[in-house]
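what follows is a protein structure lacking sequence information:
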């Protein structure tokens with residue numbers, strides 16, 4: 001069984017995001033980038049399925065500029081077998097990403113596609129669903145447990161009322177939640193081996209996908225800074241301040 005895993009290059013989650021002075025976007029220059037945390041979980045799950053003998057090959061794919069090869073090499077160091085970079089300098093929205101991934105699915109014909117449930121930059125959480133719809137594949141989102149058996153994917157997902165279990169016929173699309181697994185760290189020998197693993201570079205044009213962005217960022221603003229708290233002397237003073245200054249009670 002072949003598993004295809006989509007990964008994304010994002011600002012490292014330990015870095016404080018800075019907004020550009022003209023408020024058009026966040027600052028990426030001289031900013032540490034990393035592999036999207038939910039994508040790491042997706043890669044880890046695919047590798048575990050391979051270690052169990054369920055999967056025979058794990059292919060990772062990313063969309064972005066040439067620098068995205070770094071995140072693909074990270075995924076290869078974690079245990080993926082080969083990588084595919086769809087190279088473009090254009091900013092792509094979720095629908096364009098889903099169309100590009102659909103083109104890769106048609107070429108690679110994986111039995112299972114795993115994605116993180118969302119990326120920590122745009123936080124849309126919709127690419128997996130769009131891909132499943134375009135590819136005509138069953139889907140299970142926000143997976144906290146995944147089992148492959150008898151040509152089916154059994155997915156446990158967390159819902160408001162508890163846990164929901166779904167059975168999907170393969171091929172299928174699954175998006176990962178935080179509690180699915182704990183990603184491993186890449187060892188130095190595996191990092192060195194990853195440099196020799198195959199990494200193909202394709203273009204949207206070669207895949208027959210016309211990139212058209214339907215979303216436009218109007219303005220990006222940093223969140224309002226929290227004001228320092230104060231110590232009140234009595235409940236009466238607290239109520240007065242909540243009513244007259246914070247205006248949170250009537």
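Arrived safely. Since the structure is predicted, the reported quantities are computational estimates derived from the model, not experimental observations.

ok, and the closest non-adjacent residue to residue 241?
residue 232 (6.6 Å; Cβ to Cβ, 6 or more residues apart in numbering). Using the backbone N, CA and C atoms, a C-beta is placed for each residue, glycine as well.

please apply the same query to residue 107.
residue 207 (7.8 Å).

buried stuff in whichever strand in the chain runs longest?
Of all the elements of type strand in the chain, the one with the most residues (DSSP state E) is strand 139-149. Using 16 or more other Cβ atoms under 10 Å as the test for burial, strand 139-149 gives 139, 140, 141, 142, 143, 144, 145, 146, 148.

repeat for stretch 91-110
For stretch 91-110, by 16+ other Cβ under 10 Å, it's 92-105, 110.

before we move on, back to that, what's the first helix or strand after the longest strand of the chain?
strand 152-159 (DSSP states H and E).

off-centre distance for that following strand?
18 Å (Cα atoms, centre = their mean, to the nearest Å).

adjacent strands (with direction) for it?
Taking DSSP bridges as the criterion, strand 152-159 forms sheet pairs with strand 139-149 (antiparallel), strand 162-169 (antiparallel).

where exactly do the strands run in the chain?
Under DSSP E, the chain gives strands at 2-7, 9-11, 33-35, 57-64, 82-87, 112-116, 139-149, 152-159, 162-169, 172-176, 199-202.

show me the one of the ones you listed that comes nearest residue 43.
Residue 43 sits nearest to strand 2-7 of all the strands of the chain, at 5.4 Å, using Cβ to Cβ.

what angle sits between that closest one and strand 112-116?
Angle, strand 2-7 to strand 112-116, by axes from the mean of the first three to the mean of the last three Cα atoms, to 10 degrees: 20 degrees.

which elements pack onto strand 2-7?
helix 37-51, strand 57-64, helix 69-78, helix 94-108, strand 112-116 (3 or more Cβ pairs under 8 Å, 6 or more residues apart in numbering; DSSP states H and E).

out of those, the one nearest residue 2 is which?
strand 57-64 (4.8 Å).

any idea which helix or strand in this structure has the lowest mean pLDDT?
Between all helices and strands in the chain, the lowest mean by mean pLDDT, DSSP states H and E belongs to helix 235-244, at a mean of 89.

can you state the direction angle for the longest strand of the chain and strand 172-176?
Using the same axes, to 10 degrees: strand 139-149 against strand 172-176 is 100 degrees.

residues touching strand 139-149, excluding its own?
With contact meaning Cβ atoms under 8 Å, 6 or more residues apart in numbering, strand 139-149 is reached by 1, 45, 49, 54-55, 112, 117, 128-129, 132, 153-158, 163, 166, 168, 170, 172-177, 179-180.

and if you look at stretch 177-191?
So stretch 177-191 is contacted by 37-38, 40-41, 43-45, 47-48, 73-74, 77-79, 117, 142-146, 157-158, 194 (Cβ under 8 Å, 6+ apart).
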